[in-house]
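# Here you go, sequence then predicted model.
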Amino acid sequence: MEDDWEKAQSVIDWRRVVKEASLNTLGLLINTWAEKKGWNENVVLSAVVANLHSEIIEAWEEIRNGRGIDEVYYSVGGKPEGFGIEIADLIIRVLHLISYFELDIERMMANKMEYNETRPYRHGNKKS
């Protein structure tokens, strides 16, 4: 009975948290979850960055395979799949990274956007 109570207390209402939490708080919660699931053992920054890239490639593969941008489908075992799911994986990995390495992403994003405000229209003549 005690174990059931502890398990119930450890369940997070992720839908509410994602809507209401700051990026830093969400990162902290994801990092705590990652710790419980064993993902914080032997973390290597280069591997983490490579995994970010793999999520982008998986999102690209969904488009390449003709899936709609907002399409969600389920593989065997009930795992959600699709472009948006892969982007969610990317964001989860980014938030885990910033929390694991104790980066203040809110401060860094504000810093970068303040600088971006000073840039000219389509700076660098880039096409995209």
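Cool, got the structure.
# Low-confidence regions, this protein specifically.
1-10 (pLDDT under 70).
# can we see that at 80?
The model of the chain has pLDDT under 80 over residues 1-12, 125-128.
# Okay, strands next: where are they in it?
73-74, 80-81 (DSSP state E).
# of all those strands, which lies closest to Asp104?
Closest approach to Asp104 among the strands of the chain (C-beta to C-beta): strand 80-81, 30.3 Å. Using the backbone N, CA and C atoms, a C-beta is placed for each residue, glycine as well.
# Residues in contact with the closest one: which ones?
Residues outside strand 80-81 that contact it (C-beta atoms under 8 Å, 6 or more residues apart in numbering): Glu62, Val72, Tyr73, Tyr74, Ser75.
# Find the nearest non-adjacent residue to Ser22, please.
Glu106 (6.3 Å; C-beta to C-beta, 6 or more residues apart in numbering).
# And the one you found, how close does it get to Leu23?
5 Å (C-beta to C-beta, to the nearest Å).
# neighbour-wise, which of these two wins?
Using other C-beta atoms under 10 Å as the criterion, Glu106 and Leu23 rank with Leu23 on top: 17 against 14.
# if I pick that one, what's in contact with it?
Contact partners of Leu23, counting by C-beta under 8 Å, 6+ apart, are Leu95, Ile98, Ile105, Glu106, Met109.
# With distance to Val43 as extra columns, can I get those in JSON lines?
Below are these laid out as JSON lines (distance: C-beta to C-beta, whole Å):
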{"residue": "Leu95", "distance to Val43": "14"}
{"residue": "Ile98", "distance to Val43": "13"}
{"residue": "Ile105", "distance to Val43": "17"}
{"residue": "Glu106", "distance to Val43": "22"}
{"residue": "Met109", "distance to Val43": "22"}
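# of these, buried ones?
Leu95, Ile98, Ile105 (16 or more other C-beta atoms under 10 Å).
# And the residues you listed, which is closest to Gly38?
Nearest to Gly38 out of these is Leu95 (C-beta to C-beta; 17.7 Å).
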